[in-house]
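*Asks:* got a sequence here, can you build the structure:
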Amino acid sequence: MKQSLLIMVTVLFLAVHLKAQLADGTVLTDNITGTEIRTQETIDLFQILDSGQAVIVDAYATWCGPCWNVHQDGLLKDMHDLYGPEGTDQVRVIAVEVDPSTPEADIYGGGSSVGDWSEGVEYIMMNDAAWGQYF
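*Replies:* Alright, predicted model coming up:
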């Protein structure tokens, strides 16, 4: 189990580091905020980072098959369970639907969505195309 977790964390780190990271030296001058779709809570990226927590952002589109496969593999859920608020409280997982043409209903399996993205998810979920410019 520990070896599996280490492999999953390593794969996630490499995937995020190699494909979805801001360029070295990039400084975000504008704070990134959004609204959690279920609680309507304002999510403030800088506030989370300032608290010392790492943030994993899953930028996806509800119609994206490969995105759905990542979602279904449960790695983000596992990260949230182990390292989120109910675990060590070192990490926040944020899933953001970034396609500007996607209505919020599609996150729940409507329209052209490949499935219900909210099912079984306890981490932060948002529908905010503006986040797509950063990831």
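*Asks:* for burial, what's the neighbour tally of the closest residue to Asp89 other than its chain neighbours?
*Replies:* Closest residue to Asp89 apart from its sequence neighbours, by C-beta to C-beta, 6 or more residues apart in numbering: Gln53 at 7.2 Å. (Glycine included, C-beta is placed from N, CA and C.) Applying other C-beta atoms under 10 Å, we find 16 residues neighbouring Gln53.
*Asks:* Gln53: what's it in contact with?
*Replies:* 89-92 (C-beta atoms under 8 Å, 6 or more residues apart in numbering).
*Asks:* pLDDT score for it?
*Replies:* In the prediction, the pLDDT value recorded for Gln53 is 93.
*Asks:* what separation do you get for Ala59 and Thr33?
*Replies:* 15 Å (C-beta to C-beta, to the nearest Å).
*Asks:* which of these two has more neighbours?
*Replies:* Ala59 (18 against 15).
*Asks:* identify the bridge partners of that one.
*Replies:* Val96 (DSSP bridges).
*Asks:* going forward, begin numbering at 34 instead of 1
*Replies:* Okay, residue one is now 34; in that scheme the one you just asked about reads as Ala92.
*Asks:* contacts for the particular helix or strand that has Leu82 in it, please.
*Replies:* Under the criterion of DSSP states H and E, Leu82 resides in helix 78-83. Helix 78-83 is contacted from outside by 61, 64-66, 88, 125, 127, using C-beta under 8 Å, 6+ apart.
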